[in-house]
Every structure is written in C-alpha cells, then in structure tokens.
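Asker: here are the coordinates; sequence isn't available:
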C-alpha cells in the first residue's frame with residue numbers, strides 16, 4: 001500500500017515564498033528488468049503528480065521510468081491566502097493516491 005508524506009508549513013505571512021515537499025512510497029518498477037527466469041517484470045510507475053491549491057492547479061509533473069523509487073517532489077509557491085493543498089498521484093495498474101494539507105496565511 002502506498003503512502004504519502006507531505007510537508008507544508010502550517011503558517012506563513014502573505015507574500016512569503018514557501019516550499020512544498022512530498023514523498024510517495026512506491027516501487028517505481030521501470031519495466032526494463034527481467035526475472036531470473038528471463039521474464040520481463042511489468043512496468044509499474046507513477047505517471048503524474050498534481051498539486052491544487054483551493055481547487056486551482058499550481059504544479060504538475062509527468063513522471064517516467066527513470067524516476068527513482070519513492071519519488072520525492074519539492075517545489076515553491078507564494079503564500080497568498082489561507083487554504084488547502086490537494087495532492088494527487090496517478091500511475092500504472094490503476095494506481096491513484098491523494099493527500100491534503102492546509103495552511104493559514106496571516
């Protein structure tokens with residue numbers, strides 16, 4: 001079972017640049033490996049990551065087999081108002097995970 005670790009500052013001053021960090025627990029199998037019997041190990045990766053703030057998309061990344069297991073994504077945004085960040089990971093084999101975090105802007 002996948003799980004996400006999210007780091008969003010709980011408070012910020014209006015106009016502050018804040019860092020958002022996420023870590024998703026996932027094996028990220030490339031599809032390029034083979035078993036000892038010579039059979040291909042099927043690809044199983046996260047293919048996209050999206051972050052929305054108060055319903056508006058603020059960051060998106062498309063992921064590919066070269067991304068390491070347990071992908072860590074970090075990005076910056078400007079604190080403009082209090083609200084909720086919503087994170088979504090989509091991948092192979094019907095993989096879908098979500099998480100959220102809130103911030104208070106003073």
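Answerer: Right, received. Where do you want to start? No experiment lies behind these values; they were computed from the predicted model shown.

Asker: could you pull out the strands for the protein?
Answerer: All strands of the chain, identified by DSSP state E, fall at 4-7, 11-12, 17-24, 46-53, 56-62, 72-78, 83-91, 96-105.

Asker: which other helices and strands contact the third one?
Answerer: Using 3 or more C-beta pairs under 8 Å, 6 or more residues apart in numbering; DSSP states H and E, the elements in contact with strand 17-24 are strand 4-7, strand 46-53, strand 72-78, strand 83-91, strand 96-105. No exception for glycine: its C-beta is placed from N, CA and C like everyone else's.

Asker: Check what contacts the third one and list those residues.
Answerer: The reference is to strand 72-78. 15-23, 49, 51, 53, 58-59, 61 (C-beta atoms under 8 Å, 6 or more residues apart in numbering).

Asker: Direction included, what does it pair up with?
Answerer: Paired with strand 72-78 in the same sheet, following DSSP bridges, are strand 17-24 (antiparallel).

Asker: Buried residues, stretch 46-63. List them.
Answerer: Of all the residues in stretch 46-63, those buried under the rule 16 or more other C-beta atoms under 10 Å are 46-47, 49, 51-53, 59, 63.

Asker: Make CSV out of the helices and strands packed on strand 17-24 and add mean pLDDT and distance to residue 37.
Answerer: Formatted as CSV, the helices and strands packed on strand 17-24 follow (pLDDT from 0 to 100; distance: least, C-beta to C-beta, whole Å):
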stretch, mean pLDDT, distance to residue 37
strand 4-7, 96, 34
strand 46-53, 98, 27
strand 72-78, 98, 33
strand 83-91, 98, 26
strand 96-105, 97, 31
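
Asker: Just tell me which of those strands ends up closest to residue 39.
Answerer: Smallest distance to residue 39 across the helices and strands packed on strand 17-24 (C-beta to C-beta): 21.5 Å, for strand 83-91.
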